[in-house]
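K.L.:
Sequence and predicted structure are below.
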Amino acid sequence: MKLRRNHPVNEETGIDLAPMLDFVMNLLIFFIIAAAFVQESGIRVNKPSAKTAKEEDRASIFVAISAENQIWINRERVDIRRLRTEIERLRRGKPKAAVVIQGDQSARLGLMVEVMDQARLAGVADVSVAATPN
């Protein structure tokens, strides 16, 4: 009769990284999709402060007016004569979007009024001016 000895098999222990990689990929996809919905005017504006300023929750079309009185939408400089058409084009994708004007403190007030007029002529009823809370 032969005796058999059981030799322990060397098993490598480790952590399965597949679930973590799946989680990271899902996060990456989420941030890519979320970033597509965030739209900015494209320039940094020194907004005036106001005691009644509040956060805007809805999707909006941001129009920026720089200190040099230049108009910007989606990181593109837009001439005032083309502004109405540009807002109409953006509203096709978001019919209920409001227009938020981010005017620099030193921007010309008359230009801001012209931008508001062009937004209203484009069919936007909800036009507001951005300010920082005071």
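P.N.:
Thanks, I have the structure now. Numbers count the residues shown, from 1 in each chain.
K.L.:
Next one, pLDDT for residue 54 please.
P.N.:
Looking at residue 54, its pLDDT is 66.
K.L.:
Which helix or which strand is home to residue 85?
P.N.:
Element membership of residue 85, judged by DSSP states H and E, is helix 80-93.
K.L.:
So which bits of that helix are buried?
P.N.:
By neighbour count, and taking 16 or more other Cβ atoms under 10 Å as the criterion, the buried residues in helix 80-93 are 83, 84, 86, 87, 90, 91. Every residue, glycine included, has its C-beta placed from N, CA and C.
K.L.:
Please name every helix or strand in contact with that helix.
P.N.:
Here helix 80-93 touches strand 60-65, strand 71-73, helix 109-121, going by 3 or more Cβ pairs under 8 Å, 6 or more residues apart in numbering; DSSP states H and E.
K.L.:
Quick check: can you name the pairing partners of the first one and their directions?
P.N.:
Sheet pairing of strand 60-65 (DSSP bridges) gives strand 71-73 (antiparallel), strand 98-103 (parallel).
K.L.:
mean pLDDT lowest for which of these?
P.N.:
If you rank those by mean pLDDT, strand 98-103 sits at the bottom with a mean of 89.
K.L.:
In PDB, list the C-alpha atoms belonging to it.
P.N.:
Once side chains and other backbone atoms are set aside, the C-alpha atoms of strand 98-103 remain, and they are given as PDB (Å, rounded to 0.1, in the frame of the first residue of the first chain):
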ATOM      1  CA  ALA A  98     -33.600  81.300 -21.000                       C
ATOM      2  CA  VAL A  99     -30.900  83.800 -22.000                       C
ATOM      3  CA  VAL A 100     -28.500  84.900 -19.300                       C
ATOM      4  CA  ILE A 101     -26.400  88.000 -20.100                       C
ATOM      5  CA  GLN A 102     -23.000  88.000 -18.300                       C
ATOM      6  CA  GLY A 103     -22.000  91.600 -18.700                       C
END
